[in-house]
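Engineer: Let me see the structure of the following:
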Amino acid sequence: MHKRAIAVGALLLAAACNQDPASVSTNEIMLAQQAQAIAVDVASPRDAGSNYEGWLWRLVEALRTTDDPEARACLADARELRQQAVAAFQAGDRELARQLLRESFRKVLCAVVEVFPNAPERTGLAVDQAIERIENFLGDREAPRIRAILAHVNELRAQANEALASGDKVTALALNLRSIQILHRLVEHVRDRHADHDDVADAEMQDVGI
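Structural biologist: Purely as a prediction, here's the structure:
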């Protein structure tokens with residue numbers, strides 16, 4: 001059943017993204033703007049900040065002052081990998097640079113999980129709430145691109161739950177954060193027909209430095 005759901009989600013995403021960009025209706029763009037606002041509202045902490053990026057940056061700031069030895073080791077590894085990525089980029093090896101940046105970001109998430117062990121569960125809950133609220137908002141309105149992206153995010157959430165069940169909290173957190181970032185850029189994904197929502201989201205998140 002899970003594989004079938006993934007296949008259906010992939011077909012929906014491919015069908016929506018293969019349409020001519022001009023076919024995106026003004027109405028769907030407006031719906032995407034409101035749906036994105038819902039996602040931002042869900043991901044925003046009520047006690048500080050106003051959006052997902054602000055929350056992520058505050059989290060990074062908290063990590064910089066942590067005295068947890070395992071978290072600090074993860075952060076040291078993350079810095080080293082980022083420096084290697086810069087060197088690879090300067091040497092012209094963009095693929096290696098991207099790989100090293102991915103590894104660096106996972107080390108940051110390793111530190112997050114060490115300091116905030118319930119981060120995967122909390123981010124997963126935020127995604128689920130955002131999807132539920134967006135789907136309720138859409139009702140039976142025509143919004144093929146938005147629905148395709150929501151199907152993809154649901155697929156990511158299923159993968160995150162599987163990772164969490166197997167004890168891989170870092171992967172679960174990475175998938176949940178990717179999901180949040182996709183929803184937080186919903187308008188751009190719908191309007192600009194990004195070829196790979198995951199790559200766009202990951203690149204934006206990996207831009208966070210320690």
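Engineer: going forward, measure contacts and count neighbours with C-alpha atoms only.
Structural biologist: Noted.
Engineer: I'd like to know which helix or strand in this structure has the lowest mean pLDDT.
Structural biologist: Here the helix or strand of the chain ranked lowest by mean pLDDT, DSSP states H and E is helix 2-17, holding a mean of 43.
Engineer: How many residues are close by the residue nearest to residue 150 when sequence neighbours are not counted?
Structural biologist: Excluding its sequence neighbours, the residue lying closest to residue 150 (C-alpha to C-alpha, 6 or more residues apart in numbering) is residue 131, at 6.9 Å. Applying other C-alpha atoms under 10 Å, we find 22 residues neighbouring residue 131.
Engineer: Then residue 150?
Structural biologist: With other C-alpha under 10 Å as criterion, residue 150 counts 24.
Engineer: tell me which element it falls in.
Structural biologist: Following DSSP states H and E, one finds residue 150 within helix 144-165.
Engineer: Against which helices or strands is that helix packed?
Structural biologist: Judged by 3 or more C-alpha pairs under 8 Å, 6 or more residues apart in numbering; DSSP states H and E, helix 144-165 is in contact with helix 2-17, helix 119-138, helix 169-184, helix 186-192.
Engineer: Need the CA coordinates for the longest one. CSV is fine.
Structural biologist: Extracted C-alpha coordinates of helix 119-138, given in CSV (Å, rounded to 0.1, in the frame of the first residue of the first chain):
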residue,chain,number,x,y,z
ALA,A,119,12.9,17.5,17.2
PRO,A,120,11.9,14.8,14.7
GLU,A,121,8.6,14.2,16.3
ARG,A,122,7.8,17.9,16.7
THR,A,123,8.7,18.8,13.1
GLY,A,124,6.8,15.8,11.8
LEU,A,125,3.7,17.0,13.8
ALA,A,126,4.1,20.5,12.4
VAL,A,127,4.1,19.1,8.8
ASP,A,128,1.1,16.9,9.4
GLN,A,129,-0.8,19.9,10.9
ALA,A,130,0.1,22.1,8.0
ILE,A,131,-1.0,19.5,5.4
GLU,A,132,-4.3,18.9,7.2
ARG,A,133,-5.0,22.7,7.4
ILE,A,134,-4.1,23.3,3.8
GLU,A,135,-6.2,20.4,2.6
ASN,A,136,-9.2,21.7,4.6
PHE,A,137,-8.6,25.1,3.2
LEU,A,138,-8.5,23.8,-0.4
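Engineer: ok, and for it, which residues are buried?
Structural biologist: Across helix 119-138, burial judged by 16 or more other C-alpha atoms under 10 Å covers 119-121, 123-131, 134-135, 138.
Engineer: of the helices and strands packed on helix 144-165, which approaches residue 145 most closely?
Structural biologist: helix 2-17 (5.1 Å; C-alpha to C-alpha).
Engineer: Following the chain onward from the closest one, which element is next?
Structural biologist: Following helix 2-17 in sequence, per DSSP H and E, is helix 26-43.
Engineer: ok, residues contacting that following helix?
Structural biologist: When contacts are defined by C-alpha atoms under 8 Å, 6 or more residues apart in numbering, helix 26-43 is touched by residues 50-52, 126-127, 129-131, 133-134, 137-138, 142-143, 146, 180, 183-187, 190-191.
Engineer: All set, thanks.
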